[in-house]
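1. Could you work out the structure for the sequence below:
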Amino acid sequence: MSAPKPSLPNKPLASERVRSADLPVAWIMMLGLIVAVGPLSIDMYLPALPSMADDFGVSTAFMANSVPAYFLGLVFGQLFYGPFSDRVGRVKPLYIGMTLYVIASIICATTNDEYVLFVGRTLQALGACVGAVVTRAAIRDRLTAKQTAKAFSIMILVMGLAPILAPSLGAVFLRFFTWHSIFWFLAAFGTLNLLLTKFFFFETLTEENRNVRPAKEVLSQYWDLLKDRTFNYPAIGGGLLMGAMFVYISSASELIMDTYGVSATHFGWLFGMNAAGFVALTQLNQWLTNRFRILSILRFGAMMQVISAGVLFVIGLFLGTDAWLPLVLVCIFFCIAGLGLTQPNASAIALAFQKRRAGMASALQGSLMFSVGIFGGLLLNLFPVNPVLKIGIAMFSLMSLGCFLIWQIDRNLNLDDAE
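-> Below you'll find the predicted structure:
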């Protein structure tokens with residue numbers, strides 16, 4: 001008689017794995033890889049826009065419309081995955097979203113029609129956004145508010161490498177292959193995320209914490225969230241501050257390459273340097289959360305961003321394109337790097353009191369963020385002024401309003417009450 005096969009250990013139940021005392025660093029870094037598909041999809045193909053425009057026989061400006069097409073998918077996709085994950089758990093939405101992402105990436109890699117590409121980009125976003133929604137909600141399921149702020153900082157360390165490396169990686173692909181190879185790479189990355197989900201992502205939402213309210217009440221639940229002051233001030237304020245990143249993405253090539261004549265290679269380095277500053281401050285945030293209140297760090301970061309944007313506005317107003325490029329870049333650097341102190345902490349506060357609707361809260365927060373991104377891109381086109389002043393107006397407007405909302409958060413808010 002053959003010996004019985006050793007049985008594999010069962011995964012612990014979700015109820016046994018949530019709210020753990022120790023910070024699960026490896027698990028959080030894995031979540032960062034899942035979320036990284038978003039910034040990779042946004043930034044990696046930017047160097048390919050001119051060659052794509054040539055292949056499709058259109059202008060680069062027309063081909064750049066694929067960027068807001070992607071943002072559009074992010075806004076609406078997150079609003080779906082939030083309540084869906086609150087109802088069925090965190091695992092199933094990841095499978096659905098990543099499968100859609102892989103299919104959409106293959107469509108983008110094989111199409112010869114620019115409008116099909118735009119549709120493919122929107123479908124890509126509809127798939128990719130599941131990672132941001134589910135991972136934030138899963139962290140909220142499992143960790144305390146202070147741990148959540150630290151976890152977001154660790155996750156950004158991983159996913160933050162994407163905007164640092166993506167433009168240069170895209171340029172490498174273009175050097176040896178055609179632009180189609182970028183989308184084949186993204187399809188492979190989506191497949192990797194499916195494998196990570198299968199083997200390493202466990203369910204974090206217990207049955208008793210699932211939202212069983214009728215699906216027809218989704219809109220009213222979103223409205224209730226928007227009226228919740230423990231959510232709306234940090235979520236909307238943090239989204240406005242995050243608008244800095246999207247304004248920069250939309251205007252960077254015009255400002256740095258067209259206006260100041262910086263080469264494509266050096267542009268990639270400058271783009272990566274700002275992203276590196278963002279990542280560095282998220283890691284500093286882990287140290288700060290052990291010594292200061294999360295709200296205090298959030299307010300400090302918001303002030304850093306709005307002051308930097310204000311200086312950039314003044315430079316653009318009085319010097320315009322005659323401004324010294326390093327001075328302009330320093331202002332932009334602190335606007336972007338400041339996100340490392342605002343985004344993890346704004347997210348932690350916004351999600352802290354949303355136990356049964358963490359997925360919806362995560363989704364609404366993300367949708368607000370990318371809505372600001374779309375609005376920020378439109379804002380850039382409203383002012384027929386020099387590029388330095390244009391980006392200064394857009395950043396300063398968004399950040400001033402964001403900082404104002406952050407300062408409306410109750411200073412006596414006790415995040416321990418959420419546990």
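2. The longest helix along the chain: which residues count as buried?
-> Taking DSSP state H as the criterion, the chain has its longest helix at helix 114-142. For helix 114-142, the neighbour count (16 or more other C-beta atoms under 10 Å) marks 114, 117-142 as buried. C-betas here are computed from N, CA, C, even on glycine.
3. Show the subsequent helix or strand relative to that helix.
-> helix 145-159 (DSSP states H and E).
4. Next one: Q354 relative to F200, how far apart?
-> 25 Å (C-beta to C-beta, to the nearest Å).
5. Repeat that for R121.
-> Taking C-beta to C-beta, one finds R121 at 28 Å from F200.
6. Repeat that for M52.
-> 35 Å.
7. mind listing the helices for the stretch 151-300 of the chain?
-> 161-176, 180-200, 218-227, 229-252, 264-288, 294-318 (DSSP state H, counting those that start in this stretch).
8. Who has more neighbours out of Q354 and F200?
-> Q354 (23 against 13; other C-beta atoms under 10 Å).
9. Let me see the contact set for the more buried one.
-> By C-beta atoms under 8 Å, 6 or more residues apart in numbering, the residues touching Q354 are R140, L225, F231, M360, A361.
10. Does it belong to a helix, a strand or coil?
-> Following DSSP: H, G, I helix; E, B strand; the rest coil, the label given to Q354 is coil.
11. could I get the helices of the stretch 151-300 of the chain as TSV with distance to L72 and mean pLDDT?
-> Listed next are those as TSV, based on distance: least, C-beta to C-beta, whole Å; pLDDT from 0 to 100:
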stretch	distance to L72	mean pLDDT
helix 161-176	20	79
helix 180-200	18	92
helix 218-227	18	80
helix 229-252	13	82
helix 264-288	23	79
helix 294-318	26	92
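12. okay, these, which one's buried deepest?
-> helix 229-252 (a mean of 25; mean count of other C-beta atoms under 10 Å).
13. from the middle of its chain, how far away would it be?
-> 10 Å (C-alpha atoms, centre = their mean, to the nearest Å).
14. Show me what that helix is packed against.
-> On a contact count with 3 or more C-beta pairs under 8 Å, 6 or more residues apart in numbering; DSSP states H and E, helix 229-252 meets helix 66-88, helix 218-227, helix 264-288, helix 294-318, helix 325-337, helix 339-352, helix 358-380, helix 387-406.
15. Other residues contacting the third one?
-> Same thing as helix 264-288. Taking C-beta under 8 Å, 6+ apart as the rule, helix 264-288 contacts 43, 47, 149-150, 152-154, 156-157, 160-161, 163-165, 167-168, 171, 245, 248, 252-253, 256-257, 262, 297, 301, 329, 332-334, 336-341, 343-345.
16. Then the fifth one?
-> For helix 325-337, contacts defined as C-beta under 8 Å, 6+ apart pick out 244-245, 248, 255, 260, 262, 270, 273-275, 277-278, 280-281, 304-305, 307-309, 311-312, 315, 388, 391, 395, 399.
17. I'd like the mean pLDDT over it, please.
-> For helix 325-337, mean pLDDT rounds to 90.
18. now do the last one
-> Averaging pLDDT along helix 387-406 gives 89.
19. how about that helix as PDB, C-alpha atoms only?
-> Backbone C-alpha positions of helix 387-406 (Å, rounded to 0.1, in the frame of the first residue of the first chain) are rendered in PDB as follows:
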ATOM      1  CA  PRO A 387       3.800  76.700 -20.300                       C
ATOM      2  CA  VAL A 388       5.500  77.600 -16.900                       C
ATOM      3  CA  LEU A 389       2.600  79.800 -15.900                       C
ATOM      4  CA  LYS A 390       0.100  77.300 -17.300                       C
ATOM      5  CA  ILE A 391       1.300  74.500 -15.100                       C
ATOM      6  CA  GLY A 392       1.700  76.900 -12.100                       C
ATOM      7  CA  ILE A 393      -1.900  78.100 -12.400                       C
ATOM      8  CA  ALA A 394      -3.300  74.500 -12.600                       C
ATOM      9  CA  MET A 395      -1.200  73.100  -9.800                       C
ATOM     10  CA  PHE A 396      -1.700  76.100  -7.400                       C
ATOM     11  CA  SER A 397      -5.500  76.100  -8.000                       C
ATOM     12  CA  LEU A 398      -5.900  72.400  -7.300                       C
ATOM     13  CA  MET A 399      -3.500  72.300  -4.400                       C
ATOM     14  CA  SER A 400      -4.900  75.400  -2.700                       C
ATOM     15  CA  LEU A 401      -8.400  73.900  -2.600                       C
ATOM     16  CA  GLY A 402      -7.000  70.500  -1.600                       C
ATOM     17  CA  CYS A 403      -5.000  72.100   1.300                       C
ATOM     18  CA  PHE A 404      -8.100  74.000   2.400                       C
ATOM     19  CA  LEU A 405     -10.100  70.800   2.600                       C
ATOM     20  CA  ILE A 406      -7.300  68.900   4.500                       C
END
